[in-house]
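Chemist: A structural model of the following input is requested.
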Amino acid sequence: MTTAGALPGRIPRVHSACGAAFFAAIAMLLSSSPGAAASCEQLLTLQIENTMISGAEARPAGSFAPPTGAEISDLPAFCRVRGVVSPVPGSRVGVELWLPQAGWNGKIEMVGNGGYSSAIAYKAMGPLLRRGYAAIATDTGHTGDDPGFAIDRPEAIVDWGHRAVHVSIAVAKSVVAEFYGEKPKHSYFAGCSTGGHQALMEAQRYPTDFDGIIAGDPGNNRTHLNAGFLWQFVRNHRPDLSLIIPPAKLAAVTEAVVRTCRGKDGGLSTDNFLTDPEACDFRPEQMLCKQGEGDDCLTQEQADALTAMYGGARDSRTGAQVYYGWPKGSENSGHVIATLPGWSLYWADPTHPDRPARLNFWKEWAFPEANWDWRRFDFGSGMKAVDDRLAPVINAMNPDLAAFKAAGGKLIQYHGLADPVVPPRDSIDYFERVQAAGSADIGADASADFYRLFLAPGLYHCEGGPGPNVLDTQAALESWVEKGIAPETIAATKFRNDRPSDGIEMSRPLCPYPKIARYKGEGDPADAANFTCADGHRYATPLPATAYLR
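Modeler: The predicted model follows:
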């Protein structure tokens, strides 16, 4: 018999003796009265159960070159603390804290991770430090960026799935209390993609860890998201593994989609993005080649493949939906790998185009066998086996947020409507399920008191895109948590050339779902002041219940 959050036969979720001692120690530290602040170097001697403080150094104001990523400039003086938390045997979670030496605002904020990467988001920690926050991050319990990190390390899956963020913020709060002599007044979490997944996992599993949470483009239905990537690979490859639709054609597809549907979906006819992709009636057959094949048209085979990818993964025997397709208008969404825009980044492994993306997820997590073959995968019975094994550990799909609401937590979720990585319908579907959870405290009206979803037209995955792609979610969350002012809109800005120094190209308000921003009919359409939040429509046909396993 297994407990929720454990891999059957392999991963116990909780080691009760050491786990209880660990959290008892944290509780004791956090409940202590404010005392004298410790110096940065003194933190090396701080004793926390199952935790080793491996580094504590005072950094002068100026630039800092982190272990990964570009140098960060204009930082105030701070104490850089590194530690390792081992709450159970086989777990090793790295934690990093940046503590302002002066001007602490009394708050703590943790930043999320991306993909399966252990990389700490130093770039996100810098701005927080400048604003006086104690900034926290974790490596999620491993090193590397491929799911293969879990080979012979089953506890690493649990750490990545939900435990690393939880134990990291617990340790961080005790370090902050020791360094400043008082506990933080407010604690926040902000993440996108896997960081958004982490955000929802925290609200569901550990509702008292954070006062406010930002969940961007969350990959929280992880088992089905990976099935969606596999579906794209299968539907876009011939038996000899040659591509049906090459990446070079995606630009023409997106151009045709936007040309067909802009101005008919609640947006403006001058927009170069869609406001409501679900309302777009573009059909791939509209692009059929008339005089030989080219990058600006589709063969019938390619049109059929595109239709299947828009439709999303399905059980071949029953026709039941397994996962959503990606939205129209996201096909060519930009990415750091210029040769693999939009959908093409995940329909195959970028380093091995003849095999599916995230192959080690399937071979090491879902079906731990070296000879697992994607060709034999059944999107019906196969998905049930995957969910039975992994969903209780890595999926964040529980719609019961009553404990988070009772703790006073506030949750802002956003999703780009041109996201080529996580379909926005997954966010919409989860939000609808929270509202329909059946609790009197979490009804359709009451959910707005603590949880709001904002859809961002023209936003790619977490950043970039032709629409207003810089969202001021942080200010909205702080106002909600600290002043009780719920966000009626979130400011979204598009800078010229995506550089703030070049000035504002356009701004729009983001409205809480299901409302959408509509132009008032007069005034500059590039100015958010000339838009108002109007009734939109709710989305129907959710995934079947089997896609919602926790």
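Chemist: What does Tyr519 show for phi and psi?
Modeler: Geometry field for Tyr519 lists phi and psi as phi -70, psi 140, criterion degrees, to the nearest 10.
Chemist: Can you give me every residue that contacts it?
Modeler: Under the criterion of CB atoms under 8 Å, 6 or more residues apart in numbering, the contact list for Tyr519 reads Leu268, Pro525, Asn530, Phe531. To be clear about C-beta, it is placed using only N, CA and C from the backbone, and glycine gets the same treatment.
Chemist: Any regions of the stretch 1-150 of the chain where pLDDT drops low?
Modeler: Applying pLDDT under 70 to the stretch 1-150 of the chain flags the ranges 1-36.
Chemist: can you map out the strands along it?
Modeler: In order along the chain, the stretch 1-150 of the chain carries the following strands (DSSP state E, counting those that start in this stretch): 51-59, 62-64, 72-75, 78-85, 93-100, 107-111, 134-138.
Chemist: Neighbours of the residue nearest to Glu178 when sequence neighbours are not counted, how many?
Modeler: Distances taken as CB to CB, 6 or more residues apart in numbering place Ala38 nearest to Glu178, at 5.1 Å, with adjacent residues excluded. Neighbouring residues of Ala38 were enumerated by other CB atoms under 10 Å; the total is 19.
Chemist: was I right about Ala38 contacting Phe179?
Modeler: Yes. Taking contacts as CB atoms under 8 Å, Ala38 lies within contact range of Phe179: 5.5 Å.
Chemist: just for the stretch 401-550 of the chain, where's the confidence low?
Modeler: In the predicted model of the stretch 401-550 of the chain, residues 438-446, 537-550 satisfy pLDDT under 70.
Chemist: The residue nearest in space to the middle of the chain and Val422: what is the separation?
Modeler: Closest to where the C-alpha atoms of the chain average out (CA atoms, centre = their mean) is Ser193, at 2.2 Å. Taking CB to CB, to the nearest Å as the measure, Ser193 and Val422 are separated by 7 Å.
Chemist: can you map out the helices along the chain?
Modeler: Taking DSSP state H as the criterion, the chain contains helices spanning 16-31, 122-130, 154-158, 164-180, 194-205, 222-235, 250-261, 300-311, 359-360, 381-394, 402-406, 424-435, 473-483.
Chemist: How about the second one, which residues are buried there?
Modeler: Residues of helix 122-130 classed as buried by neighbour count (16 or more other CB atoms under 10 Å): Tyr122, Ala124, Met125, Gly126, Leu128, Leu129, Arg130.
Chemist: Please apply the same query to the last one.
Modeler: Counting neighbours by 16+ other CB under 10 Å, one finds that the buried residues in helix 473-483 are Thr473, Gln474, Ala476, Leu477, Glu478, Trp480, Val481.
Chemist: need the contact list for the second one.
Modeler: Taking CB under 8 Å, 6+ apart as the contact definition, Gln474 lies against Ala190, Ile214.
Chemist: Please apply the same query to the fourth one.
Modeler: Residues in contact with Leu477 (CB under 8 Å, 6+ apart) are Tyr188, Ala190, Gly212, Ile213, Ile214, Lys410, Ile412, Pro487.
Chemist: Top of the residues you listed by number of neighbours, please.
Modeler: The most crowded member of the contacts of Leu477 is Ile213, carrying 29 neighbours; neighbours defined as other CB under 10 Å.
Chemist: wait, isn't that one in contact with Ala203?
Modeler: Yes. If you go by CB under 8 Å, Ile213 and Ala203 touch, sitting 5.6 Å apart.
Chemist: Identify the contacts common to the two.
Modeler: Common contact partners of Ile213 and Ala203 (CB under 8 Å, 6+ apart): Gly409, Leu411.
Chemist: circling back to that earlier point, between the contacts of Leu477, which sits nearest Lys520?
Modeler: Proximity of the contacts of Leu477 to Lys520 (CB to CB) peaks at Pro487, which lies at 20.4 Å.
Chemist: Which residue, neighbours along the chain excluded, lies closest to that closest one?
Modeler: Using CB to CB, 6+ apart and skipping residues adjacent in sequence, the residue nearest Pro487 is Ala476, 4.0 Å away.
Chemist: show me the residues around that neighbour that make contact.
Modeler: Contacts of Ala476 were listed using CB under 8 Å, 6+ apart, and they are Ile412, Pro487, Ile490.
Chemist: do that again at 10 Å, thanks
Modeler: Applying CB atoms under 10 Å, 6 or more residues apart in numbering, one finds that Ala476 lies in contact with 212, 214, 410, 412, 414, 452, 454, 485-491, 510.
Chemist: need the contacts of Tyr519 in TSV with distance to Thr339, can you?
Modeler: Rendered in TSV, the data for the contacts of Tyr519 read as follows (distance: CB to CB, whole Å):
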residue	distance to Thr339
Leu268	32
Pro525	35
Asn530	39
Phe531	37
